[in-house]
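> predicted model and sequence follow; I will ask about them next.
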Amino acid sequence: MFERLTERLSRISGNLRGQGRLTEQNIQEALREVRLALLEADVALPVVKDFIEQVRLKAVGQDVVHSISPGQMFIKLVHDELVRALGETQSPLNLRAQPPIVVMMAGLQGSGKTTSTAKLSRWLKEKHNKKVALSSCDIYRPAAMEQLKVLAGQVDAHYIDPENPGDPLAIARQALDYAKRHHYDVLIVDTAGRLHIDETMMAEIQQLQALLEPTELLFVVDSMIGQDAVRAAEHFNSALPITGVVLTKVDGDARGGAALSVRQVTGKPIKFIGAGEKVTALEPLYPERLASRILGMGDIVGLVEQAQEQADQEKAAKIERKLRQGRGLDMGDFRDQLQQMQKMGGIGAMMDKLPGMAGKADASMAQSQDKQMEHMIAIIHSMTPKERSHPDIIRGSRKRRIASGSGTEVKDVNRLIKQFDQMQKMMKKMKGGGAQKMMRDLGTGQMPNFPGGRRR
């Protein structure tokens, strides 16, 4: 989401070399770069003006510490201001209220309310062990209720079938009563959106809010609609007691301005960001971490947490034992590694959290590499157990059979075998200090050779 912003801000550091103190004069060009970066990212103009002024006030007169460069000092000030603009600290959901805790989702049509409702229920179940029920009051969009019912099944949440599907208030009343009688911890209510803001929609949402008295009223906004996101946020915030924001589609071709603008305009915290359509693609927003990612510093903490949550510990221990014993990995192990990368959101999502790598993989490149991973997994699945354990036996006729079974070509099978051999060589190097070299490459911004990828 922040590729352009990251790219422009990363140029600033070199423009302040040789300065012993940050002054009004020598930071003018750097401030201009920050201003242009924010405007290009579609940040609202009033927010840009306030941001620049705050950085200027903090920068002027700062003595540059000998151990760091003036550019690094300035970037640190920009980083701190980004953290402030994003809310300084992570704002959790209020889960201490009397159950059932009601969470109401509001926003324009197409903002991602229904998918965010399902994602949030999965997050509450897995992170907080909550018993969650879902209800849809969207009687206008075709198949809206059926969509939420299907998603509820995918995340193992209970969907409350409405007795009176034509009346939003009756649906909400029934859902609340059902959640109370069946002792649910949380009830998440999806509401109807419109293609634009209108009085009828606002009146209906206000009636639902008065009836449900939600503990959390989350405004769901599409990060790709730019300045329209700010206008929608202003309208909803003036009409409803919003408690937080869910920013969706941050994996799309968005410029990132909505994340800064919506928080500043509404004064309400961005509690979650959604990246992708998968039900796992929702995470709390940590201002410090996101600011670091915007500036290309990565989010190693987030990457490690994600790996710990989604890793198959048994498979990881098996691979570790093999490496300790000096044994090579087989194609089954290679497939497990590829699937692990998929679970973590693919190559693009992982690189976005690595220091120096944010913005280096554009969306089309990441999508292409993720598609290659799918093909590689399909090829390995098409192999026999013996072929996976001993890939050196894979010759002409076997290659043709494997390609046919996986819907690929022989050249794709050849490429996979070559990349598998490269991985084997890399694993051997890891025993002799190769790990340090890989980390040095990452630290200097060089692209590591990911499976299916290429250096840039």
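All right, it came through fine. Small disclaimer: the values here were computed from a predicted structure and weren't measured.

> residues making contact with the helix or strand where residue 52 lies?
Here residue 52 sits within helix 45-59, counting by DSSP states H and E. If you take Cβ atoms under 8 Å, 6 or more residues apart in numbering as the criterion, helix 45-59 is touched by 22, 24, 27, 31, 34-35, 38-39, 43, 74, 77-78, 80-81, 84-85, 260-261, 264-265. C-betas here are computed from N, CA, C, even on glycine.

> can you show me the helices along the stretch 101-250 of the chain?
In the stretch 101-250 of the chain, helices defined by DSSP state H, counting those that start in this stretch lie at 113-128, 144-154, 168-181, 199-212, 227-239, listed in chain order.

> what are the buried residues along the last one?
By neighbour count, with 16 or more other Cβ atoms under 10 Å as the criterion, the buried positions of helix 227-239 are 229-230, 232-233, 236-237, 239.

> avg pLDDT for that helix?
In this model, helix 227-239 has a mean pLDDT of 81.

> who touches it?
Contacts for helix 227-239 (Cβ under 8 Å, 6+ apart): 42, 44, 106-108, 197, 202, 205-206, 219, 221-223, 225, 242, 245, 257-258, 261-262, 265-268.

> same question, the shortest one
In this structure, residues lying in contact with helix 144-154 by Cβ under 8 Å, 6+ apart are 114-115, 117-118, 121, 134, 136, 138-139, 158-159, 161-162, 165, 190, 192, 279.

> mind checking which of those are buried?
114-115, 117-118, 121, 134, 136, 138-139, 158-159, 162, 190, 192, 279.

> residues near residue 291, how many?
Residue 291 is flanked by 20 other residues according to other Cβ atoms under 10 Å.

> if I look at the nearest residue to it once chain neighbours are set aside, how far off is residue 47?
Leaving aside its sequence neighbours, residue 291 sits nearest to residue 82 (Cβ to Cβ, 6 or more residues apart in numbering; 3.8 Å). Distance check for residue 82 against residue 47: by Cβ to Cβ, to the nearest Å, it reads 12 Å.

> neighbour-wise, which of these two wins?
residue 82 (24 against 19).

> so what does that one have for phi and psi?
Torsion angles at residue 82 (phi, psi; degrees, to the nearest 10) stand at phi -60, psi -40.

> next: residue 409.
phi -110, psi 160.

> contacting residues for it?
Per Cβ under 8 Å, 6+ apart, neighbours of residue 409: residue 403.

> and the pLDDT at it?
89.

> against residue 60, how distant is it?
Counting by Cβ to Cβ, the gap from residue 409 to residue 60 is 62 Å.

> for residue 334, same thing?
With Cβ to Cβ as the criterion, residue 334 and residue 60 are 55 Å apart.

> with neighbour numbers in mind, choose between these two.
The neighbour count for residue 334 versus residue 60, taken as other Cβ under 10 Å, is higher for residue 334 (21 against 14).

> which strand or helix spans that one?
Going by DSSP H and E, residue 334 is in helix 331-343.

> hmm, back to that, find residues that contact each of residue 82 and residue 47.
Common neighbours of residue 82 and residue 47, using Cβ under 8 Å, 6+ apart, are residue 260.

> can you give me the strands in the stretch 251-400 of the chain?
For the stretch 251-400 of the chain, strands defined by DSSP state E, counting those that start in this stretch occupy the ranges 270-274, 282-284.

> and for the shortest one, what's in contact with it?
Residues outside strand 282-284 that contact it (Cβ under 8 Å, 6+ apart) are 90, 92, 116, 119-120, 122-123, 246, 271-275, 302.

> hmm, 7 Å instead?
Contact with strand 282-284 is made by 90, 116, 119-120, 123, 271-274, as judged by Cβ atoms under 7 Å, 6 or more residues apart in numbering.

> which one of these is nearest residue 372?
Taking Cβ to Cβ as the measure, residue 372 lies nearest residue 274 of the contacts of strand 282-284, at 25.0 Å.

> for residue 263, see how far away the closest one is.
From residue 274 to residue 263 the distance is 16 Å (Cβ to Cβ).

> equivalent analysis for residue 39, please.
Taking Cβ to Cβ, one finds residue 39 at 17 Å from residue 263.

> ok, those two, which is more surrounded?
Higher neighbour count among residue 39 and residue 263: residue 263, with 23 against 14, using other Cβ under 10 Å.

> please report how far residue 267 lies from residue 204.
Distance from residue 267 to residue 204, counting by Cβ to Cβ: 25 Å.
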